[in-house]
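Visitor: Any chance you could fold what I've pasted below:
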Amino acid sequence: MAGSTFDTRRAQMFPRLEAEEIDRLRRFGKVIHAQAGSALATAGVASPGLFVVLAGRVAISRRDAHDESQPIVEHAAGQFVGEIAQLSGRPSLVDVTAITAVEALLIEPERLRAVLVAEAELGERIMRALILRRVSLIETGAGGPIIIGREADAQVIRLSGFLARNGHPYQNLDPDQMDCAKVLIQRFQVDDSELPIVLCPNGEILRQPTNHQLGRCIGLVGPIDADRLYDVAIVGAGPAGLATAVYAASEGLSVLVLDSRAFGGQAGASARIENYLGFPTGITGMALMGRAYGQAQKFGAELAIPDEVASLVCEDDGRHRYRLSLASGETAQAKTVVIASGARYRRLDVDNLDNFEGACVHYWASPLEAKLCAGQEVALVGAGNSAGQAAVFLASQVKKVWMIVRGESLAATMSRYLIDRIESTPNIEVVVKSSIVDLEGDEGKLSAIRWRGPNGVETAQSISHLFLFIGAAPNTAWLTHCHVELDNHGFVRTGTDLAPGHPLLQTSRKGVFAIGDVRAGSVKRVGAAIGEGAQAVAAIHAYLAEA
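Guide: Alright, predicted model coming up:
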């Protein structure tokens, strides 16, 4: 792949360690031996850790759609085998086979995290290599599950989006475009009505799986120990939740992070964030949140994604603990809980909206959605920064963006730099004082939208894809059993909003804190969410010291 990470950053992906550096690593691992032809790691099976090759040669390969081995790279003495999955003991994405007799230093996940903290300079080189290797696997789809289904199918879009937003490689084979997909459908005797199917690296076949089923199959999430008492359980892996996880884990607290969808929250779906401190040229939300996700793993936070919290159970048993009931039927318990569950996207008030959601109506604009509507005219509803970022991103991929705005202008709700960019982009047309009143189409395919403008004048436009950025409602329904106090709009009340002198960020329940978009009065910015994550850890320490 020309211009790929594998080509442009190969030296950083596959560094060779000096003898002195290897000697520094020996205290973190144990020496193992393998005969020629033996497997050190198998795709789809939990890897024992990172291997530093001391003598001999190993081959790294991936399996294609026909389950045939395809070479990636070979490693010799002084190089190490692994990628970001080895930080948390998740299944290997590749096969690792000894070409010759091999002597290697095996560093297990917990000890690997210790390396990254204790050996700062060396740890930085290793961490960079692990991340770049994952990026390269994502670029090629190597090592991940194979989705067999039609590219424009709503379930295929959902599964592809789930994997992409969780930074996991995958391949999508469309039976209308690829003969190998037809061959696999025949081999597994799959009826057309059962599509999409997913072939997991461990050989398991899933038919129309949920996100949770797919996450379990590929090892993104494993069973939770119901008897373990964590210092802090964080509900939500957006900027606020990940910041809390990084600061808490780095300060020695045991941390569990749960999210029902993906890490990064709404920020993770941003095409480009340009007003975040320290990134003058901007950074994609996925890149920023991916780094935070890696940091949390580096310090030992346990991340369970996707794992949805169904309810917070407040039991006054005098033991200073809370229990989380999960949608999977599992439970988790912690001394403190951080509510960072953000908000759920608001839906357009149009009767037949659900007929088109997933395939033609989208709530974020990633490269996946942009590919679906490349060269077409699209409509986007919204006037906030997220809407502006999405409009600018889509304009570079599509023929035209119709931006439907309820207010008189963008000035009251959008940053000036985004307004200037939109005004200078010739294929974005802003339609003000307007709202969508009807969606047209059949069999789940959108064909046109109709909006009502000033003086009640209605306009119809041929549109196949609609993007909605109309705000979000607080995700707090799961708190009803615990009676955490909310404001009139459903946001969680904290601190002095509850009473003078009430602890900062603490809710009406002692030991339960709220941060980020879900908190009443919060500033809806990535930087503010990250700052609240740091503040929450200080508040947690103060609470635990008194408990």
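Visitor: Apart from its chain neighbours, what residue comes closest to residue 422?
Guide: In space, and not counting its chain neighbours, residue 422 is closest to residue 428: 5.3 Å by CB to CB, 6 or more residues apart in numbering. For glycine as for every other residue, the C-beta is placed from the backbone atoms N, C-alpha and C.
Visitor: phi, psi of the one you found?
Guide: phi -110, psi 120 (degrees, to the nearest 10).
Visitor: Okay, residue 415 and residue 385: tell me how far apart.
Guide: Distance, residue 415 to residue 385, using CB to CB, to the nearest Å: 6 Å.
Visitor: the more surrounded of the two?
Guide: Higher neighbour count among residue 415 and residue 385: residue 385, with 21 against 15, using other CB atoms under 10 Å.
Visitor: Please report how far that one lies from residue 162.
Guide: 25 Å.
Visitor: isn't there a helix covering residue 62?
Guide: No - the assignment for residue 62, made by DSSP: H, G, I helix; E, B strand; the rest coil, is strand rather than a helix.
Visitor: So for it, what pLDDT did the model give?
Guide: Here the pLDDT value assigned to residue 62 is 92.
Visitor: looking at it, it is touching residue 96, isn't it?
Guide: No - assessed by CB atoms under 8 Å, residue 62 is found out of contact with residue 96, at 10.9 Å.
Visitor: which residues do the two both contact?
Guide: Counting by CB atoms under 8 Å, 6 or more residues apart in numbering, residue 62 and residue 96 have no contacts in common.
Visitor: residue ranges with poor pLDDT in the stretch 301-450 of the chain?
Guide: 316-320 (pLDDT under 70).
Visitor: hey, where'd the strands end up in it?
Guide: 302-304, 309-313, 322-326, 331-339, 343-345, 361-362, 377-381, 400-404, 428-431, 435-442, 445-452 (DSSP state E, counting those that start in this stretch).
Visitor: Need those strands in CSV (columns: distance to residue 419).
Guide: As requested, these are exported to CSV (distance: least, CB to CB, whole Å):
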stretch, distance to residue 419
strand 302-304, 37
strand 309-313, 38
strand 322-326, 42
strand 331-339, 33
strand 343-345, 23
strand 361-362, 23
strand 377-381, 15
strand 400-404, 11
strand 428-431, 9
strand 435-442, 20
strand 445-452, 21
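Visitor: Nearest approach to residue 236 belongs to which of those?
Guide: Closest to residue 236 of the strands of the stretch 301-450 of the chain is strand 331-339 (CB to CB; 7.3 Å).
Visitor: So which elements touch that closest one?
Guide: Judged by 3 or more CB pairs under 8 Å, 6 or more residues apart in numbering; DSSP states H and E, the packing partners of strand 331-339 are strand 229-235, strand 255-258, strand 322-326, strand 512-514, helix 526-546.
Visitor: now these as JSON lines including distance to residue 303 and mean neighbour count?
Guide: Listed next are these as JSON lines, based on distance: least, CB to CB, whole Å; neighbours: other CB atoms under 10 Å:
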{"stretch": "strand 229-235", "distance to residue 303": "9", "mean neighbour count": "24"}
{"stretch": "strand 255-258", "distance to residue 303": "5", "mean neighbour count": "26"}
{"stretch": "strand 322-326", "distance to residue 303": "14", "mean neighbour count": "19"}
{"stretch": "strand 512-514", "distance to residue 303": "19", "mean neighbour count": "29"}
{"stretch": "helix 526-546", "distance to residue 303": "15", "mean neighbour count": "19"}
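Visitor: out of these, nearest to residue 455?
Guide: helix 526-546 (39.1 Å).
Visitor: picking up where we left off before, ok, now which ones touch the residue nearest to residue 422?
Guide: By CB under 8 Å, 6+ apart, the neighbours of residue 428 are 391, 392, 395, 400, 401, 403, 422.
Visitor: any residues touching stretch 474-492, and which ones?
Guide: With CB under 8 Å, 6+ apart, stretch 474-492 has contacts from 235-236, 309-314, 322, 339, 341-344, 473, 493, 497-498, 507-509, 512, 514, 517-522.
Visitor: Return the members of those classed as buried.
Guide: 235-236, 309-312, 314, 322, 339, 341-343, 493, 507-509, 512, 514, 517-520, 522 (16 or more other CB atoms under 10 Å).
Visitor: in the stretch 1-150 of the chain, what spans have low per-residue confidence?
Guide: Scanning the stretch 1-150 of the chain for pLDDT under 70 picks out 1-2.
Visitor: please redo it, this time with the cut-off set to 80
Guide: The model of the stretch 1-150 of the chain has pLDDT under 80 over residues 1-3, 65-67.
Visitor: re earlier: show me what the residue nearest to residue 422 bridges to in the sheet.
Guide: residue 401 (DSSP bridges).
Visitor: Could you do residue 442 as well?
Guide: residue 445.
Visitor: Run a quick neighbour tally on it.
Guide: So residue 442, with other CB under 10 Å, has 9 neighbours.
Visitor: try residue 480
Guide: 11.
Visitor: before we move on, what about the one 10 residues further on?
Guide: Using other CB under 10 Å, residue 490 has 15 other residues around it.
Visitor: Just say helix, strand or coil for it.
Guide: For residue 490, the assignment made with three-state DSSP gives coil.
Visitor: Tell me the pLDDT of it.
Guide: So, for residue 490, pLDDT stands at 95.
Visitor: And for the one 4 residues further on?
Guide: Residue-level confidence at residue 494 comes out at 98, pLDDT.
Visitor: what does the one 3 residues further on give?
Guide: Predicted confidence (pLDDT) at residue 497: the value is 96.
Visitor: OK, contacts around it?
Guide: 487, 520, 521.
Visitor: Would you mind measuring from the residue lying closest to residue 14 once chain neighbours are set aside to residue 53?
Guide: In space, and not counting its chain neighbours, residue 14 is closest to residue 79: 6.1 Å by CB to CB, 6+ apart. Going from residue 79 to residue 53 by CB to CB gives 5 Å.
Visitor: Kindly report the same for residue 329.
Guide: Applying CB to CB to residue 329 and residue 53 gives a distance of 43 Å.
Visitor: Which residue of these two possesses the greater neighbour count?
Guide: It is residue 53, of residue 329 and residue 53, that has more neighbours when counted by other CB under 10 Å, with 24 against 7.
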